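*Asks:* this is a predicted model, with the sequence first.
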Amino acid sequence: MTQDTPSQPPKGDRIAKVLARAGVASRRDAEKIIEAGRVAVNGTVLDRAAYNVSPGDTITVDGKPIAEAEPARMWLYHKPAGLVTTNRDEKDRETIFDHMPEDLPRVMSVGRLDINSEGLLLLTNDGGIKRKLELPSTGWLRRYRVRVNGRPTEDTFTPLRKGIVVEGEKFQPMQVSLDRQQGANAWLTVGLREGKNREIRRAMQDIGLTVNRLIRISYGPFQLGDLKQGEVEELRRKVMRDQLGMEAEDPVGTAKKKEVKRPDRKYAASRKPSEQGRTRDRARAEYAREKAEGSGGRPTATGSKSGAKSGAKFGAKPSGKPAPKSRQRPQGKPGAKPQGKPKR
């Protein structure tokens, strides 16, 4: 028997969000499942989605407990042209999810690419990441390679760089560079920080150009690279945490380690040349002294006679050229062979 929904929901996450994280359905579809009376919390069947649950609650769908939420994950996907970025299409067109690998878990797209566009599309199993990256306030630059029909000049794109209004909708300033002219078409690189519906195509049309190819090549720090059309590649979790600012989950994150070690690396790098420099200075001074005095067997500063192995390295036989640079520091008794590399 269906019971009434509790009047005072506990603090926590919305039930639809929890269901989506558990892989039951998308957040929108989860709301429909709830309204159909198929979801219960602690034995109480819900009839509306406006309900929060806490980690200790028992949630069932059709009488079966849901799985625990998976860790947040992200993938890079090279979307081909001709596919719709949606779970189901009203016109029964093929979607990107019809062509995903079978072993891929339920994922959501971060933003969209229209049916004729191609290139990088981010996928995630986490609704929070999806919403965060779609917000204009995130400020991530999205870059596109765009082919237009026509012969534009740099001045052609001045309105786009300043920001324009198309059909009553304001578009923020874009970064536009004219790369090259190729016959009747021109290739551009366009960067923008918002993702309104068909924004680049509509903006280009407003200045008299028609887009006949559009490829997204980057989304913030994530690059399309050499990913082939239709391929999916999962991001390493460390990369995902670093790029999304999730280092707080790891108390010994990468950023912290680099800040601590960087001074040590610089110090170590600057110390080696100085040690080698002292050896070279010693060799050059010895060579200059022998050349000035004309000594062929006079003891050197290290106590070895010219002609000994250590003395030969320091230029005992004047030839009019500086002696070879030594990488060793003489040690031990006078005239003895240097023992290994200098201690640092």
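*Replies:* Sure, I can see it.

*Asks:* assign residue 200 to helix, strand or coil.
*Replies:* Secondary structure, DSSP: H, G, I helix; E, B strand; the rest coil: residue 200 is helix.

*Asks:* try residue 241
*Replies:* Secondary structure assignment for residue 241 (three-state DSSP): helix.

*Asks:* below-threshold pLDDT in this structure: ranges please.
*Replies:* Along the chain, the model assigns pLDDT under 70 to residues 1-10, 246-344.

*Asks:* tell me the domain ranges of it?
*Replies:* Domain segmentation of the chain under automatic domain parsing yields 13-65, 74-245, 251-337.

*Asks:* dump those domains into TSV; add mean neighbour count as well.
*Replies:* The way it works is simple: take the backbone N, C-alpha and C, and place the C-beta from them, glycine included. Shown next, in TSV, are those (neighbours: other C-beta atoms under 10 Å):
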stretch	mean neighbour count
domain 13-65	16
domain 74-245	16
domain 251-337	14
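
*Asks:* who are the contact partners of residue 71?
*Replies:* residue 237 (C-beta atoms under 8 Å, 6 or more residues apart in numbering).

*Asks:* what's the following helix or strand after the helix or strand containing residue 143?
*Replies:* Taking DSSP states H and E as the criterion, residue 143 maps to strand 142-149. Downstream of strand 142-149, the next assigned helix or strand under DSSP H and E is helix 158-162.

*Asks:* CA atoms only for that next one, dumped as PDB, please.
*Replies:* C-alpha atoms of helix 158-162 as PDB (Å, rounded to 0.1, in the frame of the first residue of the first chain):
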ATOM      1  CA  THR A 158      35.200  42.700 -35.400                       C
ATOM      2  CA  PRO A 159      31.500  42.500 -34.400                       C
ATOM      3  CA  LEU A 160      32.000  39.000 -33.000                       C
ATOM      4  CA  ARG A 161      35.000  40.100 -31.000                       C
ATOM      5  CA  LYS A 162      33.000  42.900 -29.500                       C
END
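
*Asks:* list of residues touching that helix?
*Replies:* So helix 158-162 is contacted by 171, 173, 174, 175, 176, 203, 206, 207 (C-beta under 8 Å, 6+ apart).

*Asks:* among these, which one lies nearest to residue 89?
*Replies:* Checking these against residue 89 with C-beta to C-beta, the nearest one is residue 203 at 25.6 Å.

*Asks:* now do the helix or strand hosting the closest one against strand 142-149, angle only.
*Replies:* Element membership of residue 203 [criterion: DSSP H and E] is helix 199-206. Put simply, helix 199-206 runs at 30 degrees to strand 142-149, going by axes from the mean of the first three to the mean of the last three C-alpha atoms, to 10 degrees.

*Asks:* what element comes up after helix 199-206 heading to the C-terminus?
*Replies:* Remark: after helix 199-206, the chain's next helix or strand is strand 210-219, criterion DSSP H and E.

*Asks:* list the helices and strands the following helix or strand past that following strand packs on?
*Replies:* Following strand 210-219 in sequence order, the next helix or strand is strand 222-223 (DSSP H and E). Counting contacts by 3 or more C-beta pairs under 8 Å, 6 or more residues apart in numbering; DSSP states H and E, strand 222-223 packs against strand 118-124.

*Asks:* pretty sure residue 202 is touching residue 165, no?
*Replies:* No - at 10.9 Å, residue 202 does not count as touching residue 165 under the criterion of C-beta atoms under 8 Å.

*Asks:* list residues touching both of these two?
*Replies:* residue 171.

*Asks:* what bridges to the residue lying closest to residue 224 once chain neighbours are set aside?
*Replies:* Of all residues not flanking residue 224 in the chain, residue 120 sits nearest, at 4.1 Å (C-beta to C-beta, 6 or more residues apart in numbering). Counting by DSSP bridges, residue 120 is bridged to residue 78.

*Asks:* how much space between residue 120 and residue 21?
*Replies:* According to C-beta to C-beta, to the nearest Å, residue 120 and residue 21 sit 24 Å apart.

*Asks:* mind listing the helices for this structure?
*Replies:* Here the chain has its helices, by DSSP state H, at 15-21, 27-35, 127-134, 158-162, 199-206, 237-243, 254-293, 309-313.

*Asks:* thinking residue 237 is in contact with residue 75, fair?
*Replies:* No - contact between residue 237 and residue 75 fails when scored by C-beta under 8 Å: they sit 11.9 Å apart.

*Asks:* quick one: residue 208 and residue 148 touch, right?
*Replies:* No - in this structure, residue 208 is not within contact of residue 148 by C-beta under 8 Å, at 9.6 Å.

*Asks:* other SSEs contacting the strand holding residue 143?
*Replies:* Looks like strand 142-149 contacts strand 185-192, helix 199-206, strand 210-219 (3+ C-beta pairs under 8 Å, 6+ apart).

*Asks:* change it to 6 Å
*Replies:* Packing partners of strand 142-149 (3 or more C-beta pairs under 6 Å, 6 or more residues apart in numbering; DSSP states H and E): strand 185-192, strand 210-219.

*Asks:* using CSV, list the CA coordinates for the helix holding residue 203.
*Replies:* Taking Å, rounded to 0.1, in the frame of the first residue of the first chain, the C-alpha atoms of helix 199-206 are listed here in CSV:
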residue,chain,number,x,y,z
GLU,A,199,25.9,30.1,-31.2
ILE,A,200,28.8,30.0,-33.7
ARG,A,201,26.7,29.2,-36.7
ARG,A,202,24.1,31.9,-35.9
ALA,A,203,26.8,34.5,-35.2
MET,A,204,28.6,33.7,-38.5
GLN,A,205,25.4,33.9,-40.4
ASP,A,206,24.7,37.3,-38.9
